[in-house]
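Participant: Build the 3D model from these lines:
(one chain, ligands or ions: 1)
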Amino acid sequence: MIWARAYLLRRDGTYTCGNMIKFSLRCANGHSFESWFQSGPAFDTLCQRDLVTCPDCGTTQVEKALMAPSIKPRQKVPPADIQQKLAALRAEIEANTDYVGDRFAHEARAMYLGEIPDRPIHGEAEPEEAKALIDDGIPVLPLPFLPSRKTN
Ligand SMILES: [Zn+2]
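Facilitator: Below is the predicted model of the structure:
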């Protein structure tokens with residue numbers, strides 16, 4: 001079973017390339033906050049794996065707050081278009097960040113703590129590792145694809 005996911009850390013702690021979506025979220029205890037996600041499905045995946053936590057109380061009982069206009073026809077995006085966008089995002093990430101493989105969690109934490117020079121990286125992390133990073137406030141994001149392994 002493949003559990004490895006790709007995560008991206010940007011130098012400035014934010015992530016702006018690709019099509020990010022900002023969701024207004026609300027936790028079970030009534031706190032409101034906002035967070036950026038790769039896509040609606042990416043949010044759902046993170047939520048299901050308890051990787052979205054309320055910054056106020058830490059609960060993982062988080063849902064999207066209703067926003068006006070709340071009812072909007074679901075836009076049908078041709079699969080080819082999605083593939084193209086993913087390919088472009090992937091190319092941009094691979095060109096601009098270093099692939100660190102399963103050392104991602106270690107490297108991301110070391111950068112956050114200032115132990116090694118900051119640089120954009122992407123790599124793989126177990127869900128528990130990713131959760132630990134997020135719990136510690138280290139900015140990481142899931143990528144909608146598995147990193148290609150460089151064979152050369
Ligand atoms: Zn809360």
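Participant: secondary structure class for the closest residue to Thr45 other than its chain neighbours?
Facilitator: What sits nearest to Thr45 in space, not counting adjacent residues and going by CB to CB, 6 or more residues apart in numbering, is Pro142, at 7.0 Å. No exception for glycine: its C-beta is placed from N, CA and C like everyone else's. What DSSP: H, G, I helix; E, B strand; the rest coil gives for Pro142 is strand.
Participant: Tell me how many other residues crowd Pro142.
Facilitator: Using other CB atoms under 10 Å, Pro142 has 21 neighbouring residues.
Participant: Ok, Ala130 next?
Facilitator: The burial count for Ala130: 23, using other CB under 10 Å.
Participant: Let me see the mean pLDDT of stretch 111-131.
Facilitator: The average pLDDT for stretch 111-131 rounds to 85.
Participant: With just CA atoms, put it into PDB.
Facilitator: Extracted C-alpha coordinates of stretch 111-131, given in PDB (Å, rounded to 0.1, in the frame of the first residue of the first chain):
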ATOM      1  CA  MET A 111      14.900  24.300   7.600                       C
ATOM      2  CA  TYR A 112      12.100  25.500   9.900                       C
ATOM      3  CA  LEU A 113      14.500  25.300  12.900                       C
ATOM      4  CA  GLY A 114      17.200  27.100  11.000                       C
ATOM      5  CA  GLU A 115      19.600  24.100  11.200                       C
ATOM      6  CA  ILE A 116      20.200  24.100   7.400                       C
ATOM      7  CA  PRO A 117      19.800  26.800   4.800                       C
ATOM      8  CA  ASP A 118      16.200  27.400   3.600                       C
ATOM      9  CA  ARG A 119      15.300  26.300   0.100                       C
ATOM     10  CA  PRO A 120      12.200  25.100  -1.700                       C
ATOM     11  CA  ILE A 121      12.000  21.300  -1.600                       C
ATOM     12  CA  HIS A 122       9.500  18.600  -2.400                       C
ATOM     13  CA  GLY A 123       9.500  15.000  -1.400                       C
ATOM     14  CA  GLU A 124       7.600  12.200   0.300                       C
ATOM     15  CA  ALA A 125       6.200  12.000   3.700                       C
ATOM     16  CA  GLU A 126       4.100   9.500   5.600                       C
ATOM     17  CA  PRO A 127       0.800  10.900   6.800                       C
ATOM     18  CA  GLU A 128       2.000  10.800  10.400                       C
ATOM     19  CA  GLU A 129       5.100  12.800   9.500                       C
ATOM     20  CA  ALA A 130       3.100  15.300   7.600                       C
ATOM     21  CA  LYS A 131       0.700  15.700  10.500                       C
END
